[in-house]
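Peer 1: sequence-free structure coming up:
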């Protein structure tokens, strides 16, 4: 037995076809292949899941119940697994009190530093915490911001109370809170709010604990009257209320605006703590500095009594800088980080660990990184390996694949056509292979030969927003424009400025698609309605039988196909519903056929299979669009909640094809795409432009840049070092620009011979 390798025998999770392999330990192994080829099924759903499951089983049931649950993967045997650390793209979960400083523990080190060398002395390190009552600002309770009601949004002064002047659920006409005002005896309920006297306005909005003189008999006898603002703040500001979710939550966000706390200026801390300084800076000043600025400042502190502490702070800050996050501040809330930023912050947390012999598993760590920062990422991955760890990476970026000690290429296609290992071995061997990945890596890169020219432009004049400082730019219309630059250089700020000025712009990003846990491709495209009609006509039964949300739903699992059982202090178990065999339908529904297939078999078809099966244009046309954007490997019954960000973006793109005269902005559309699929995506962008649409793409991918008609390069660096237009013009001209980092890497890309 090879103890120096992770051994997998007979893996069949998802689309894996009885896969067996040996993965060398203490090496970097990169898993490649097109979307849906089985990379994640092998790495995350098999290797990582089994490692985590076995580790969790070493704890008692009380602890296990509080850990993420992993089922046993469908695999014959696995050997030589080590403890795995999964560093994925999932955004770091945390509330408004979670910041880059707290999640990396650098803030804890700074607190200790100021408690030792700050003047005047105000207390031990806990006093410097904005989560501690002794240190937090009492006004905002350590949040740094406060909520304020926008009265213009809440009150329609052109209406009376009886006409619905208060525009919020439960305050609307007939709502139980509305009755507290119309039965108060203070107002003429048919009088327009704009005609109220100052006293009436004050009573309606601001009065608190007012004893009523002549209330209506329907007014609650024991209730004390309070104006709308006190009641609103008491009901919603001081607690996480169930009334501010769903539609109420949407309205709440329209009525309530967030603002910087007027007492602490957003620092989260009280005056006593802010008075403690080293030199001219307090701890909040340090947290509001960019990482690179803070590192420079810490290097100016020379105090032998805290030398180990200073060294630890500098090491952590240098790691953030090395991963391309030098533009962040420690005060940045973790909830505002992108998926790529979150993954890199997680990576930094492990660099200082003394643990070895671990397996680190990464999910496309290059996402969101400019080519200039990918080398920094590679250095950190190599450092993890050199410390004696096994590093497994799912990746599409050629520069990351190139550092692999071992490559596992999955394919040959996606979905049912994937699930096989088509190559495993060295990177050099991959280049000589005939796989899709091998062919992509050794192709000759070149620029578009004929660039479109434009006579109409979207103009921004003297824009200042985030790190943009007095920027003016012209974005050509009806051409393909790519906006480039390192992370934090101002690309998104430029785009949001465009959107703010041009409300007719359609943003196609990777955000979640609205829908329930029952939403699928079939429901999103509307083809399920047509399929149900076809089943109904063919079998002469009612349509609702073919809906797992209606009459056809399995009574045991309510149409979900699985049953979850909570075993209290033991692990919750989700098992396939035996009554419907996981279909979600009543067993008797499956006797009805359409062209020889029942509803479960049709919902299990891939988009490619469904395209061939159906002849109806209203079904085939939406499926053709999904095929064109490269989603043909998905099944039509696949839940939207299982989609990756890139898949969601391409699903949205599919329904824009064929439209004319629009302005589209795409945010890193190559996310999750294999190189061989990017050419298909480029053809779609070209088609949109040929249909007289304007296409603007924020992108780091060199294939997309080389096919642009126009490039706008932001930089030169990130944060305070960014926010400037470094270049705007044709791609052929940026490669000779000596200042642009993008030009430098595009030049390398065109000259590259692997």
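Peer 2: Thanks, I have the structure now. As the structure is a prediction and not an experimental result, all values here were calculated from the model.
Peer 1: CA only for contacts and neighbour counts going forward, please
Peer 2: Fine.
Peer 1: if we look at stretch 649-668, which residues are touching it?
Peer 2: With C-alpha atoms under 8 Å, 6 or more residues apart in numbering as the test, stretch 649-668 has contacts from 368, 495, 504-511, 622, 625-626, 628-631, 669, 684, 688, 691-700.
Peer 1: what about it, distance to the chain center?
Peer 2: How far stretch 649-668 lies from its chain's middle: 19 Å, per C-alpha atoms, centre = their mean, to the nearest Å.
Peer 1: shaky segments in the chain?
Peer 2: Within the chain, the ranges that satisfy pLDDT under 70 run 1-2, 69, 91, 93-94, 238-250, 339, 352, 514-517, 564-575, 753-754.
Peer 1: could you rerun that using 50?
Peer 2: The model of the chain has pLDDT under 50 over residues 239-243, 245-246, 567-572.
Peer 1: in terms of contact, does residue 320 touch residue 349 like I think?
Peer 2: No - using C-alpha atoms under 8 Å as the test, residue 320 is too far from residue 349 to be in contact (9.3 Å).
Peer 1: the two: which has the busier surroundings?
Peer 2: More neighbours surround residue 320 than the other of residue 320 and residue 349, with 22 against 15 (other C-alpha atoms under 10 Å).
Peer 1: secondary structure element holding that one?
Peer 2: According to DSSP states H and E, residue 320 maps onto helix 307-322.
Peer 1: now do that helix: distance to the chain's middle.
Peer 2: Centre-to-centre, helix 307-322 and its host chain are 28 Å apart (C-alpha atoms, centre = their mean).
Peer 1: same check, this time on stretch 500-508
Peer 2: Centre-to-centre, stretch 500-508 and its host chain are 20 Å apart (C-alpha atoms, centre = their mean).
Peer 1: what's in contact with that stretch?
Peer 2: The contact list for stretch 500-508, computed with C-alpha under 8 Å, 6+ apart, reads 499, 649, 652, 653, 662, 663, 664, 665, 666, 667.
Peer 1: pull the number of nearby residues for residue 667.
Peer 2: Residues lying near residue 667 (other C-alpha under 10 Å) number 21.
Peer 1: torsion angles phi and psi at it?
Peer 2: Dihedral angles phi and psi of residue 667 (degrees, to the nearest 10) take the values phi -110, psi 100.
Peer 1: related to what we said a few turns ago, most neighbours, which of the contacts of stretch 500-508?
Peer 2: That'd be residue 649 among the contacts of stretch 500-508, by other C-alpha under 10 Å, with 25 neighbours.
Peer 1: host element of that one?
Peer 2: Taking DSSP H and E as the definition, one finds residue 649 inside helix 645-654.
Peer 1: that helix: how far from the chain's middle?
Peer 2: Chain-centre distance of helix 645-654: 13 Å, with C-alpha atoms, centre = their mean.
Peer 1: just the buried residues of it, please?
Peer 2: Residues of helix 645-654 classed as buried by neighbour count (16 or more other C-alpha atoms under 10 Å): 645, 646, 647, 648, 649, 650, 651, 652, 653, 654.
Peer 1: same question, stretch 673-687
Peer 2: The neighbour-count check on stretch 673-687 (16+ other C-alpha under 10 Å) flags 673, 674, 675, 676, 677, 678, 681, 682, 684, 685, 686 as buried.
Peer 1: what does it rub up against?
Peer 2: 33-35, 396, 436-437, 440, 480, 628-630, 646, 657, 670, 695, 703-704, 707.
Peer 1: strands along the stretch 651-754 of the chain, start to end?
Peer 2: Per DSSP state E, counting those that start in this stretch, the stretch 651-754 of the chain carries strands over the ranges 663-667, 694-698, 710-715, 724-729.
Peer 1: strand partners (parallel or antiparallel) of the third one?
Peer 2: Sheet neighbours of strand 710-715, with direction, are listed as strand 480-484 (parallel), strand 724-729 (antiparallel) (DSSP bridges).
Peer 1: quick one: name whatever helix or strand follows the shortest one.
Peer 2: Next along the chain after strand 480-484, taking DSSP H and E as the criterion, comes helix 491-501.
Peer 1: that following helix versus strand 710-715: what angle between them?
Peer 2: Using axes from the mean of the first three to the mean of the last three C-alpha atoms, to 10 degrees, one finds that helix 491-501 and strand 710-715 are set 120 degrees apart in direction.
Peer 1: buried sites along helix 491-501?
Peer 2: Neighbour count says helix 491-501 has 491, 493, 494, 495, 498, 499 buried, by 16+ other C-alpha under 10 Å.
Peer 1: and what of stretch 351-361?
Peer 2: Those would be 351, 358, 359, 360, 361, for stretch 351-361 by 16+ other C-alpha under 10 Å.
Peer 1: and the helix or strand that contains the fourth one, what does it pack onto?
Peer 2: Which is residue 360. Using DSSP H and E, residue 360 sits in strand 359-363. When contacts are defined as 3 or more C-alpha pairs under 8 Å, 6 or more residues apart in numbering; DSSP states H and E, strand 359-363 sits against strand 84-87, strand 390-394.
Peer 1: after the first one, next one along is what?
Peer 2: Okay, so that is strand 84-87. Once the chain leaves strand 84-87, the next helix or strand it forms, by DSSP H and E, is helix 100-103.
Peer 1: pick the most deeply packed of the strands paired with strand 710-715.
Peer 2: The highest mean neighbour count among these, using mean count of other C-alpha atoms under 10 Å, belongs to strand 480-484: a mean of 27.
Peer 1: what does that strand rub up against?
Peer 2: 475, 491, 685-686, 689, 694-700, 704-705, 708-714, 742.
Peer 1: the nearest residue to residue 381 once chain neighbours are set aside: neighbour count?
Peer 2: When the adjacent residues along the chain are set aside, residue 381 lies closest to residue 391, with 7.4 Å between them (C-alpha to C-alpha, 6 or more residues apart in numbering). A count of nearby residues for residue 391, using other C-alpha under 10 Å, gives 25.
Peer 1: let me see the contact set for residue 391.
Peer 2: Residue 391 touches 26, 27, 28, 29, 359, 360, 361, 362, 381, 384, 385, counting by C-alpha under 8 Å, 6+ apart.
Peer 1: give me that answer again for 7 Å
Peer 2: By C-alpha atoms under 7 Å, 6 or more residues apart in numbering, the contact set of residue 391 is 27, 28, 29, 359, 360, 361, 385.
Peer 1: so residue 461 belongs to a strand, correct?
Peer 2: Yes - the assignment for residue 461 by DSSP: H, G, I helix; E, B strand; the rest coil puts it in a strand.
Peer 1: can you give me the helices for the stretch 651-754 of the chain?
Peer 2: Secondary structure of the stretch 651-754 of the chain (DSSP state H, counting those that start in this stretch): helices at 675-690, 702-706, 731-734, 741-751.
Peer 1: so can I have a markdown table of those helices showing distance to residue 544?
Peer 2: Shown next, in a markdown table, are the helices of the stretch 651-754 of the chain (distance: least, C-alpha to C-alpha, whole Å):
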| stretch | distance to residue 544 |
| --- | --- |
| helix 675-690 | 37 |
| helix 702-706 | 46 |
| helix 731-734 | 55 |
| helix 741-751 | 56 |
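Peer 1: and residue 579, which of the ones you listed is closest to it?
Peer 2: Of all those, it is helix 675-690 that lies closest to residue 579, at 40.4 Å by C-alpha to C-alpha.
Peer 1: in a strand, that's where residue 369 is, yeah?
Peer 2: No - using three-state DSSP, the secondary structure at residue 369 is coil, not a strand.
Peer 1: wait, it sits on residue 488?
Peer 2: No - Residue 369 is beyond contact range of residue 488, at 10.0 Å (criterion: C-alpha atoms under 7 Å).
Peer 1: can I get the strands of the stretch 651-754 of the chain in JSON lines including distance to residue 135?
Peer 2: Converted to JSON lines, the strands of the stretch 651-754 of the chain look like this (distance: least, C-alpha to C-alpha, whole Å):
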{"stretch": "strand 663-667", "distance to residue 135": "40"}
{"stretch": "strand 694-698", "distance to residue 135": "41"}
{"stretch": "strand 710-715", "distance to residue 135": "38"}
{"stretch": "strand 724-729", "distance to residue 135": "38"}
